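1. Okay, structure incoming, though there's no sequence with it:
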C-alpha cells in the first residue's frame with residue numbers, strides 16, 4: 001500500500017462505489033473498486049479536514065442505505081455511482097479547521113476509501129481516550145451518533161427492559177455488535193442469560209468467552225418454540241430482539257406475564273421482498289407484554305452516564321468486546337455480505353491502513369482476538 005508521504009503529494013486513492021441500488025441479499029458485485037488520484041492537500045480557504053483512513057465500520061444500515069427504499073426520518077439512500085460511507089477512524093494529514101491538527105487521531109463519517117476529505121468537520125470527533133483500542137470508536141465507544149452499539153445495548157437493557165437481578169433474559173442475534181454487550185450487561189446484573197446465534201463457533205464463544213449461561217444455533221433447531229421452552233421452562237422476563245420474524249413469533253409464546261421485549265433491529269427481514277407476518281400477537285394482550293422499538297439517536301442525553309459506566313468496565317475486563325476484523329479496503333464488500341449470512345464473529349471492522357495502525361502505541365490489531 002502506498003504511504004501518504006506528507007501533505008501536498010499526489011497519490012492513488014482506492015475507493016468503493018455503489019454500482020446500482022441493491023435488490024434482495026447483498027452481493028460483492030454490487031460494489032465497484034476504483035482508483036483515482038488525490039492531492040493530499042486541503043483546498044485553500046477551506047475548513048475541511050484531510051484524513052488517512054485507518055479503520056472502517058461495517059454495519060447493516062449500510063445495506064439499507066444501498067437500497068431504493070427510503071426510511072423516512074431515519075436513513076437516506078446512497079445514489080448509484082457514489083462512494084460508500086460509514087464511520088471510520090483516521091489520522092489527520094492536513095486541516096483547515098482550528099479544532100484539528102496534523103497527526104490527530106479522529107473518528108467520524110468517512111468514505112470507503114484510503115483518503116477522505118471531510119468537508120463537514122462538525123461530523124468529525126477527536127479521540128480522547130487512547131488507552132482502549134481505536135476500533136472501539138466504531139462500536140462500543142462511539143460518541144453520540146448513529147450507530148452506537150454500546151449506547152444501544154445500554155439504553156435497551158437498562159432503560160427499556162428495566163432489568164432486575166435474577167430475571168431471565170433471551171437475546172437473539174446474541175453474537176452481534178449489540179447482542180454481545182446486552183448479554184454481558186445482563187450477567188453483570190445477575191440475570192440468567194441465553195442467546196441464539198448462527199453457528200456452533202458462535203455458540204461456544206457466547207458461553208465460554210462472554211459468560212452466557214446457555215446458547216443455541218437457531219439454524220439447527222427444528223422448532224424454536226420447543227427450543228425456548230427447553231431453555232426457559234418458566235418463561236422469559238426480557239427479550240432483546242434484533243431478528244424479528246419466526247424468532248419473534250416463538251418468543252411471544254414464551255414470555256412471562258408482564259415481560260418486556262426491546263427492538264432495535266430485525267435483520268431477518270431486511271432482504272425480504274415481503275416481510276414475514278407475526279402470528280402470535282395476541283400474547284401481547286394476554287401476557288400484558290411491553291414490546292417497544294427504539295432508535296438510539298433519541299437517547300444521546302444518556303451518553304455521559306453510559307461512558308462513565310462502560311469505560312471502567314472495559315479497562316477492568318468486566319466487558320469483552322469481540323470484533324471480526326478484515327484487512328484491506330478490498331475486503332469491505334465481503335464484509336458487508338457477511339453481515340447477512342452469519343459468517344461474521346462480533347462487530348465487523350475493516351483495517352484499511354495496517355502499516356499506520358501498527359505504528360500507533362495504543363492501537364490493537366484484533367485479528368482473531370477471541
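-> Ah, there it is. Please read these numbers as outputs of a predicted model, since none were measured by experiment. Numbers count the residues shown, from 1 in each chain.

2. all contacts plus neighbour counts: C-alpha atoms, from now on.
-> OK.

3. Go ahead and list the helix or strand containing residue 258.
-> strand 255-263 (DSSP states H and E).

4. contact partners of whatever helix or strand comes next after that strand?
-> Elements were assigned by DSSP H and E; along the chain past strand 255-263, the next helix or strand is helix 282-286. Residues outside helix 282-286 that contact it (CA atoms under 8 Å, 6 or more residues apart in numbering) are 252, 253, 289, 290, 291.

5. which of those has the most neighbours?
-> residue 252 (24 neighbours; other CA atoms under 10 Å).

6. list the contacts for it?
-> Applying CA under 8 Å, 6+ apart, the residues near residue 252 are 280, 281, 283, 284.

7. List the backbone torsions phi and psi for the first one.
-> Note on residue 280: its backbone torsions stand at phi -100, psi 30 [degrees, to the nearest 10].

8. picking that back up, when you filter the contacts of residue 252 down to buried only, what's left?
-> 283, 284 (16 or more other CA atoms under 10 Å).

9. Paired strands for the lengthiest strand in the chain, with orientation please.
-> Identified as the longest strand of the chain according to DSSP state E is strand 85-95. Within its sheet, strand 85-95 is paired with strand 49-57 (antiparallel), strand 105-111 (antiparallel), according to DSSP bridges.

10. Which strands or helices does the helix or strand just after the shortest one pack on?
-> This means strand 105-111. Using DSSP H and E, the next helix or strand after strand 105-111 towards the C-terminus is strand 115-118. On a contact count with 3 or more CA pairs under 8 Å, 6 or more residues apart in numbering; DSSP states H and E, strand 115-118 meets strand 49-57.

11. ok, and what's touching the strand it packs on?
-> 4, 40-42, 86-97, 100, 110, 112-119, 121, 135, 138-139, 348-354, 356-357.

12. Centre of the chain to that strand, how far?
-> With CA atoms, centre = their mean, to the nearest Å as the basis, strand 49-57 stands 17 Å off its chain's centre.

13. mean confidence for it?
-> Mean per-residue pLDDT for strand 49-57: 95.

14. are any of the contacts of strand 49-57 buried, and which?
-> 4, 40-42, 86-96, 100, 110, 112-118, 121, 135, 138-139, 348-353, 356-357.

15. Pull the number of nearby residues for residue 29.
-> Residue 29 has 11 nearby residues by other CA under 10 Å.
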